[in-house]
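Chemist: starting from these lines, generate the structure:
(one chain, ligands or ions: 2)
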Amino acid sequence: MAETEFAQARQLDTGAIPVIDIAGALDGSDLPGVAAQIRAAATDVGFFYIKGHGIAPELMAQAFAVARDFFALPEAMKTRVAVGTDQRGWMATGMSRLAGSKTHDLKEVFFWGSEIAPDDPDLAAAKPLVALNKWPADFPRLRAELFPYYDALCAVAAEVLSAVAVSLEVDADVFRPHYVRPMARGQLVYYPPSSEADEVEERFGVAPHTDFGVLTFLLQDDSGGLQVRLPTGDWVEAPPLPGTLVCNIGDLLQRWSNDRFVSTVHRVINRSAEARYSIPIFFDPHTDTVIDPRDLGAMEPKHAPVTAGGHIAGRNAASFKQHRR
Ligand SMILES: O=C(O)CCC(=O)C(=O)O
Ligand SMILES: [Fe+2]
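Modeler: Ligands and ions are numbered 1, 2, ... in the order given. Predicted coordinates:
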């Protein structure tokens, strides 16, 4: 591939990724209307923006500010919360290499998930992706300034899932029992600007991939660089739109929906002059949740049942160096 052709994408000018106002789902005034828009987007492109979510901009700004300060800490401090096979804490650049990509990703990540008690029986049973969070003791702001956004997002995400259920023509509460103790995995992601060497070596911030879980809610800063592959095969930019979140279907929801909804390939390349920060939250159910298309009404399931935690842990193990011995 010629150097100049690497990771090009069209500007979004087609409305290919719709913006959905979810206020009517949150206040109950128009759940079917929101669900219909979600169905169209989830079927065609697997990506949509949401607005009308009601999350205070201050919470988003505070989460970004603490993310920026965390990544700027001396490496020795970040290393004290280095990620292990528990998939919690800080992952240095170079440790993410996604299946099928030529080289490692440029990104640095801090991983966390739902807070659980130290005596949680799922922890004692070593269930996949059940772990205690690894907060840096010498940087207590991280948890304190991130959690207000995380909690607000998880509350909105639960309502979006009700709309997703309606969009799949099943009971609005079908997902609820699986989200009493969800995995709800979060990541702070830092992307340095791509260098010329990165371009030559075809290195991405994050290489093309589909998301592993059910539904992803992404907060991106104003750098740009997220690109989505349309069903036509064309790559388009998913630029930051102020006040919105990007929502996309993951592999588990594609399976659960019996392929009615699509988990779409996407990638990030930071060609801005500045660092890029994003905060994806992968809104996934309890680790034991059985993802079986028959439970969402499929008469002829195209996929065998899998457990959510096991499936995601398997994808993590294939993608991140901390799982290799
Ligand atoms: O940072 C972004 O904009 C997207 C990140 C992403 O695709 C992921 O972490 O799965
Ligand atoms: Fe992703």
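
Chemist: let me see the backbone angles for G250.
Modeler: phi -100, psi 170 (degrees, to the nearest 10).

Chemist: most proximal residue of the chain with respect to ligand 1?
Modeler: In the chain, no residue comes nearer to ligand 1 than S278, which is 3.3 Å away by Cβ to the nearest ligand atom. In this view, the C-beta of every residue, glycine as well, is placed from N, C-alpha and C.

Chemist: that's a helix at that residue, yeah?
Modeler: No. Assigned with DSSP: H, G, I helix; E, B strand; the rest coil, S278 falls outside any helix and is strand.

Chemist: who's it bridged to?
Modeler: V189, Q220 (DSSP bridges).

Chemist: is it in contact with D222, as I believe?
Modeler: No. Shown here, S278 and D222 do not form a contact pair, counting by Cβ atoms under 8 Å, at 10.9 Å.

Chemist: those two: which is more packed in?
Modeler: S278 (25 against 13; other Cβ atoms under 10 Å).

Chemist: list the contacts for that one?
Modeler: By Cβ atoms under 8 Å, 6 or more residues apart in numbering, the contact list for S278 reads V189, Y191, L218, L219, Q220, D221, L226, V268.

Chemist: contacts with ligand 1 among those residues, please.
Modeler: V189, L218, Q220, L226, V268 (Cβ under 6 Å from any ligand atom).

Chemist: now those residues as JSON lines including distance to G243?
Modeler: Listed next are these as JSON lines, based on distance: Cβ to Cβ, whole Å:
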{"residue": "V189", "distance to G243": "20"}
{"residue": "L218", "distance to G243": "14"}
{"residue": "Q220", "distance to G243": "12"}
{"residue": "L226", "distance to G243": "16"}
{"residue": "V268", "distance to G243": "21"}
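
Chemist: quickly check those residues for the two that are furthest apart.
Modeler: The distance between the two most remote of the ones next to ligand 1 among the contacts of S278 (Cβ to Cβ) is 10.9 Å, for V189 and L226.

Chemist: where in the stretch 201-325 of the chain is pLDDT low?
Modeler: Scanning the stretch 201-325 of the chain for pLDDT under 70 picks out the ranges 325.

Chemist: and the strands in it?
Modeler: Along the stretch 201-325 of the chain, counting by DSSP state E, counting those that start in this stretch, strands occupy 206-209, 215-220, 226-229, 235-237, 245-249, 266-268, 276-283, 290-291, 306-307.

Chemist: pick the most deeply packed of those strands.
Modeler: Neighbour counts (mean count of other Cβ atoms under 10 Å) averaged over each of the strands of the stretch 201-325 of the chain peak at strand 245-249, with a mean of 26.

Chemist: secondary structure class for the closest residue to Y150 other than its chain neighbours?
Modeler: Leaving aside its chain neighbours, Y150 sits nearest to G186 (5.8 Å; criterion: Cβ to Cβ, 6 or more residues apart in numbering). Assigned with three-state DSSP, G186 falls in the strand class.

Chemist: please report the distance of G186 from F110.
Modeler: Per Cβ to Cβ, to the nearest Å, G186 is found 9 Å from F110.

Chemist: can you show me the helices along the protein?
Modeler: Under the criterion DSSP state H, the chain contains helices at 23-26, 31-44, 57-71, 75-79, 121-124, 141-167, 196-200, 251-256, 308-319.

Chemist: out of those helices, which gets the lowest mean score?
Modeler: Per-segment mean pLDDT for those reaches its minimum on helix 196-200, at a mean of 89.

Chemist: which positions in it come out as buried?
Modeler: The neighbour-count criterion (16 or more other Cβ atoms under 10 Å) identifies D198 as the buried residues of helix 196-200.
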